[in-house]
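In: need the 3D shape of this:
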Amino acid sequence: MSPIVIHVGRQHDGCAYELNPRSRAEIKRRFPEARMAPSVFVGYDTQSDFESLHGPMWRQIAMLLAGLSWSQIEEMGGIEIYDPVHDERRKVA
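Out: The predicted structure is shown next:
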(Lines give C-alpha, C1' and ligand atoms only; values in the text may rest on other atoms or scores of the structure.)
Protein backbone atom coordinates (compact mmCIF):
# COMPACT_ATOMS: atom_id res chain seq x y z
CA MET A 1 0.00 0.00 0.00
CA SER A 2 1.29 3.46 -0.87
CA PRO A 3 1.32 6.05 1.91
CA ILE A 4 -0.91 9.10 1.86
CA VAL A 5 1.23 11.93 0.50
CA ILE A 6 0.90 15.34 2.11
CA HIS A 7 2.48 18.34 0.39
CA VAL A 8 3.96 21.01 2.62
CA GLY A 9 4.53 24.59 1.55
CA ARG A 10 6.84 26.51 3.86
CA GLN A 11 6.23 30.21 4.38
CA HIS A 12 7.95 32.78 6.54
CA ASP A 13 5.42 32.33 9.37
CA GLY A 14 4.38 28.68 9.04
CA CYS A 15 3.48 25.82 6.73
CA ALA A 16 0.46 25.01 4.63
CA TYR A 17 -0.34 21.31 4.26
CA GLU A 18 -2.55 19.69 1.63
CA LEU A 19 -3.18 16.22 0.28
CA ASN A 20 -1.57 15.08 -2.94
CA PRO A 21 -4.38 14.82 -5.57
CA ARG A 22 -3.79 11.07 -6.04
CA SER A 23 -3.94 10.48 -2.29
CA ARG A 24 -7.13 12.55 -2.11
CA ALA A 25 -8.74 10.45 -4.87
CA GLU A 26 -7.70 7.19 -3.18
CA ILE A 27 -9.16 8.31 0.14
CA LYS A 28 -12.45 9.20 -1.58
CA ARG A 29 -12.50 5.80 -3.28
CA ARG A 30 -11.79 3.79 -0.11
CA PHE A 31 -13.62 5.97 2.41
CA PRO A 32 -16.40 7.88 0.62
CA GLU A 33 -17.74 9.16 3.96
CA ALA A 34 -14.43 10.89 4.84
CA ARG A 35 -14.72 14.64 5.41
CA MET A 36 -11.44 15.95 4.06
CA ALA A 37 -10.09 19.43 4.74
CA PRO A 38 -8.69 21.26 1.69
CA SER A 39 -5.66 22.50 3.65
CA VAL A 40 -4.26 23.05 7.13
CA PHE A 41 -1.97 25.92 8.14
CA VAL A 42 0.28 25.69 11.20
CA GLY A 43 2.36 28.69 12.19
CA TYR A 44 5.77 28.97 13.80
CA ASP A 45 8.04 31.70 15.10
CA THR A 46 11.22 30.67 13.25
CA GLN A 47 12.09 28.30 10.40
CA SER A 48 14.12 26.22 12.85
CA ASP A 49 10.86 25.44 14.68
CA PHE A 50 9.60 23.50 11.64
CA GLU A 51 10.90 20.02 12.55
CA SER A 52 10.67 20.34 16.33
CA LEU A 53 7.20 21.88 16.38
CA HIS A 54 5.53 20.36 13.32
CA GLY A 55 6.99 16.84 13.33
CA PRO A 56 5.05 15.73 16.42
CA MET A 57 1.85 17.14 14.86
CA TRP A 58 2.06 15.38 11.48
CA ARG A 59 -0.29 12.56 12.54
CA GLN A 60 -2.93 15.05 13.67
CA ILE A 61 -2.46 17.12 10.52
CA ALA A 62 -2.94 13.97 8.43
CA MET A 63 -6.13 13.05 10.29
CA LEU A 64 -7.53 16.56 9.75
CA LEU A 65 -6.67 16.59 6.04
CA ALA A 66 -7.87 13.05 5.31
CA GLY A 67 -10.89 13.04 7.61
CA LEU A 68 -9.79 9.60 8.82
CA SER A 69 -8.69 8.03 12.08
CA TRP A 70 -5.02 7.14 12.52
CA SER A 71 -5.84 3.42 12.20
CA GLN A 72 -7.54 4.08 8.83
CA ILE A 73 -4.49 6.05 7.71
CA GLU A 74 -2.25 3.15 8.77
CA GLU A 75 -4.44 0.81 6.67
CA MET A 76 -3.57 2.98 3.69
CA GLY A 77 0.17 2.78 4.37
CA GLY A 78 0.75 5.71 6.74
CA ILE A 79 1.79 9.15 5.56
CA GLU A 80 4.65 10.79 3.74
CA ILE A 81 5.36 14.50 4.08
CA TYR A 82 6.66 15.93 0.79
CA ASP A 83 8.22 19.35 0.28
CA PRO A 84 8.14 19.89 -3.52
CA VAL A 85 10.32 23.03 -3.39
CA HIS A 86 13.21 21.22 -1.68
CA ASP A 87 12.27 17.77 -3.11
CA GLU A 88 12.38 16.31 0.41
CA ARG A 89 10.30 13.33 1.58
CA ARG A 90 9.76 12.22 5.15
CA LYS A 91 7.93 8.94 5.87
CA VAL A 92 5.90 9.07 9.08
CA ALA A 93 5.09 5.77 10.78
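
In: all helices for the protein, in order.
Out: With DSSP state H, the ranges of helices along the chain come out as 21-30, 49, 58-66, 70-75.

In: pick the most deeply packed of these.
Out: Neighbour counts (mean count of other CB atoms under 10 Å) averaged over each of the helices of the chain peak at helix 58-66, with a mean of 19. Yep, even glycine has a C-beta here, placed from its N, CA and C like the rest.

In: got the angle for that helix vs helix 21-30?
Out: Per axes from the mean of the first three to the mean of the last three CA atoms, to 10 degrees, the angle that helix 58-66 makes with helix 21-30 is 70 degrees.

In: begin at 41 from here
Out: Okay, residue one is now 41; in that scheme the one you just asked about reads as helix 98-106.

In: residues touching helix 98-106, excluding its own?
Out: Helix 98-106 is contacted by residues 44, 46, 57-59, 63, 67, 74, 76-77, 79-80, 82, 94, 108-110, 112-113, 119, 121, 132 when judged by CB atoms under 8 Å, 6 or more residues apart in numbering.

In: ok, now how distant is G83 from E114?
Out: The gap separating G83 from E114 is 28 Å, by CB to CB, to the nearest Å.

In: any idea of the pLDDT on E120?
Out: pLDDT, E120: 97.

In: E128 is in contact with that one, correct?
Out: No. With contact defined as CB atoms under 8 Å, E120 does not reach E128; the gap is 10.5 Å.

In: so where's this protein uncertain?
Out: Applying pLDDT under 70 to the chain flags residues 87-91.

In: go through it and flag its longest strand.
Out: What stands out as the longest strand in the chain, according to DSSP state E, is strand 44-51.

In: only whichever of the contacts of helix 98-106 are buried, select them in PyMOL.
Out: To isolate the buried members of those in PyMOL, using 16 or more other CB atoms under 10 Å:
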select buried, resi 44+46+57+58+59+63+67+76+80+82+94+108+112+113+119+121+132
